[in-house]
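Student: I'll drop the sequence and a predicted model, then ask my questions.
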Amino acid sequence: MDIESVPTGAFEEICHIVWGSENQAIVFDPGHDAAHIIKALDAKNLQVAAYVCTHGHADHINALAEMHRQHPAPVAIHSHDLKWAFDAVNQIEPYYPVPHRPDVADYLRLETATDWNFADLHFQCIETPGHTPGSCCLLFPESGIMITGDTLFKGSCGRTDLPGGDARQLKASLNKLKQLPDETRVYPGHGPDTTIGLERQTNFFMQ
């Protein structure tokens, strides 16, 4: 399994592209500049198997509709965040307008299953509310790779002072992640990758 991290937008949100031997990719959090993300896909001759949203904030989903228009594929997001992800409340002006809603007949609700399979890729959904009500971390157990969105960063964690944030829930979610093996490699929604072991030792919010 391979992964490429593509920084996007004013907040340098990171869109992670994960693919296996079939050249079918899962695109996590296409936050901004669809053309930039598509260029990264085309450079490796990848087709989109699915779009997966770790949470609903505008800086993580603003390119989703355009990506889906050019490369249709299933879209997975937690229903708690789907409720508001494409509404007027979800904008960060002047950087991110209200995200356009993709032309999707039926969204896949991440909370409805623990195990997900797209093409030859398999990940497990770990519900980690706190940054948003529907935040999720997606773990590829065979590869020891986890996409954490804005739940866990290197040396920090997601903020909880935005609508829907909950510090107590986030603490419980981080405690859940602490149970994973030290070698689990973490790819967050902003900043460099890290490991669960390093964060357990050095991240104040994981103490």
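Tutor: Thanks, I have it.
Student: now the helices for the chain?
Tutor: Using DSSP state H, the helices found in the chain span residues 34-43, 58-61, 64-70, 79-82, 167-177, 196-202.
Student: deepest of those helices, which one?
Tutor: Among the helices of the chain, helix 58-61 has the highest mean neighbour count (mean count of other CB atoms under 10 Å), at a mean of 26. C-beta: built from backbone N, CA, C; applies to glycine.
Student: What mean pLDDT does that one get?
Tutor: Mean per-residue pLDDT for helix 58-61: 98.
Student: Could you tell me how far it lies from the centre of the chain?
Tutor: 10 Å (CA atoms, centre = their mean, to the nearest Å).
Student: What of stretch 37-55?
Tutor: 13 Å.
Student: Numbering from 10 from now on, please.
Tutor: Okay, using 10 as the starting number, the last item reads as stretch 46-64.
Student: Go ahead and produce CSV holding the CA coordinates of that stretch.
Tutor: Extracted in CSV, the C-alpha atoms of stretch 46-64 (Å, rounded to 0.1, in the frame of the first residue of the first chain):
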residue,chain,number,x,y,z
ILE,A,46,-5.3,16.8,-6.3
ILE,A,47,-6.3,15.4,-9.7
LYS,A,48,-2.8,16.2,-11.0
ALA,A,49,-1.4,14.1,-8.2
LEU,A,50,-3.7,11.2,-9.1
ASP,A,51,-2.9,11.5,-12.8
ALA,A,52,0.8,11.4,-12.2
LYS,A,53,0.5,7.9,-10.8
ASN,A,54,-2.3,6.8,-13.2
LEU,A,55,-4.7,6.3,-10.3
GLN,A,56,-8.5,6.0,-10.5
VAL,A,57,-10.7,7.1,-7.5
ALA,A,58,-12.4,4.2,-5.7
ALA,A,59,-13.9,6.4,-3.0
TYR,A,60,-13.8,9.7,-1.2
VAL,A,61,-13.6,9.5,2.6
CYS,A,62,-14.1,12.5,4.9
THR,A,63,-12.6,12.4,8.4
HIS,A,64,-14.9,15.2,9.3
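Student: which residues touch the closest residue to residue 11 other than its chain neighbours?
Tutor: Take residue 11 and drop its neighbours on the chain: the residue closest to it by CB to CB, 6 or more residues apart in numbering is residue 28, 5.6 Å away. Contacts for residue 28 (CB atoms under 8 Å, 6 or more residues apart in numbering) come out as 10, 11, 34, 35, 53, 55, 130.
Student: what sits against residue 143?
Tutor: Neighbours of residue 143 in contact, by CB under 8 Å, 6+ apart: 64, 65, 86, 87, 88, 89, 90, 91, 119, 120, 136.
Student: Let's have these in a markdown table, adding distance to residue 152.
Tutor: Converted to a markdown table, the contacts of residue 143 look like this (distance: CB to CB, whole Å):
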| residue | distance to residue 152 |
| --- | --- |
| 64 | 22 |
| 65 | 26 |
| 86 | 23 |
| 87 | 23 |
| 88 | 27 |
| 89 | 27 |
| 90 | 26 |
| 91 | 27 |
| 119 | 19 |
| 120 | 23 |
| 136 | 21 |
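Student: and which of those is nearest residue 196?
Tutor: residue 64 (14.5 Å; CB to CB).
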